[in-house]
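> Whatever this is, show me its structure:
(2 chains)
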Amino acid sequence: MKISEKIPSSLERIPSFISTIIERIRPLGIPEEEIFNIRLSLEEALVNAVKYGNKLDPQLTVEVKVQLDSDKLVIEVKDQGEGFDFEKLEDPTKEENIEKVRGRGIFLMKNLMDEVIFKEKGSRVIMIKFLRREA
Amino acid sequence: MKIREEKQGEVLIYALEGEVNINTSPELRKAFDKIIREGQKKVIVDFSEISYIDSSGLATLIEMYQRLKKNGGRLRLCAMGEKVRSVFEITKLVKLFEIFPNLTEALEGF
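Residues are numbered from 1 along each chain as shown, chains lettered A, B, ... in the order given. Model (predicted):
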């Protein structure tokens, strides 16, 4: 199964867009406990793309590709921004960072998905979840 | 997201219902602004009817924790479902917040 969509740079549209994606993949045998993790990772990636990548510019879009194979789900989110230094992210769980208000989105993505790969200076993120499919 | 407000003695209980996401976090922030304006010191957020939270929701709760602390108040969280609690565990926010299994225990000794 493949999905390819472009969405406008609007934070308000993100939850309803994610719901449509989740409703399409949920019946395909992905365990329910993984649906929460996939949904949260997708939301964090989309918020980053819209807010920090495209800087909420209504002229810019975010491209989302979802591919579900027999053993894995691959989600790709690409914005039209300049990227960011994804190798210089602070660990939000360290004592000196634990009260910081921001900086947990990518950390959650990395912990909830099996692989998170940044490309094109960080303006494209690929998230992979290896699946144990339910009958 | 719905917010149900209840007062038990000096303690204000905010029972949330639905999801805390990028769209609903601003509503929660506004509700917390009201708590600060009213000078409430003891606040419990009841998560029993919350099915989802994202990093914007975590950010809103951290802000509230800091604002209450600054005013000499305290924030307690309670009754999280397994998936919501896992978000606090992964981010190690279980070390920052006082989290209780249910409302009764959150109220004890507050």
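
> neighbouring contacts of stretch B:89-97?
Contacting residues not belonging to stretch B:89-97 are listed as A:92-93, A:98-99, A:104, A:107-108, A:111-112, B:58, B:61-62, B:65, B:75-77, B:85, B:88 [Cβ atoms under 8 Å, 6 or more residues apart in numbering or on different chains]. Every C-beta, even on glycine, is put in place using the N, C-alpha and C of the backbone.

> any idea where the strands of chain B begin and end?
B:2-8, B:11-20, B:42-53, B:74-78, B:98-100 (DSSP state E).

> Reformat the ones you listed into a markdown table and put mean pLDDT, mean neighbour count and distance to A:K88 next to each item.
Formatted as a markdown table, the strands of chain B follow (pLDDT from 0 to 100; neighbours: other Cβ atoms under 10 Å in any protein chain shown; distance: least, Cβ to Cβ, whole Å):
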| stretch | mean pLDDT | mean neighbour count | distance to A:K88 |
| --- | --- | --- | --- |
| strand B:2-8 | 95 | 12 | 38 |
| strand B:11-20 | 96 | 19 | 29 |
| strand B:42-53 | 97 | 20 | 27 |
| strand B:74-78 | 98 | 21 | 31 |
| strand B:98-100 | 98 | 17 | 31 |
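
> A:D57 is nearest to which of these?
strand B:11-20 (26.4 Å; Cβ to Cβ).

> Sketch out the low-pLDDT regions of chain A for me.
By pLDDT under 70, the weakly predicted segments of chain A are A:133-135.

> mind listing the strands for it?
Using DSSP E, strands in chain A cover A:2-8, A:61-68, A:72-78, A:115-119, A:124-130.

> next one: the longest one to chain centre, how far?
Remark: strand A:61-68 is offset 9 Å from the chain centroid, using Cα atoms, centre = their mean, to the nearest Å.

> That strand to strand A:124-130, inter-axis angle?
20 degrees (axes from the mean of the first three to the mean of the last three Cα atoms, to 10 degrees).

> Strand A:61-68 pairs with which strands?
Strand A:61-68 pairs in its sheet with strand A:2-8 (antiparallel), strand A:72-78 (antiparallel), by DSSP bridges.

> and among those, the most buried is which?
strand A:72-78 (a mean of 20; mean count of other Cβ atoms under 10 Å in any protein chain shown).

> Rounded mean pLDDT for the helix ranked longest in chain B, please.
Ranked by residue count under DSSP state H, the longest helix found in chain B is helix B:55-70. What helix B:55-70 shows for mean pLDDT is 97.

> Return the list of helices and strands in contact with it.
Judged by 3 or more Cβ pairs under 8 Å, 6 or more residues apart in numbering or on different chains; DSSP states H and E, helix B:55-70 is in contact with helix A:32-47, strand B:11-20, helix B:25-37, strand B:42-53, strand B:74-78.

> ok, and for that helix, which residues are buried?
For helix B:55-70, a neighbour-count test (16 or more other Cβ atoms under 10 Å in any protein chain shown) marks B:55-65, B:68 as buried.
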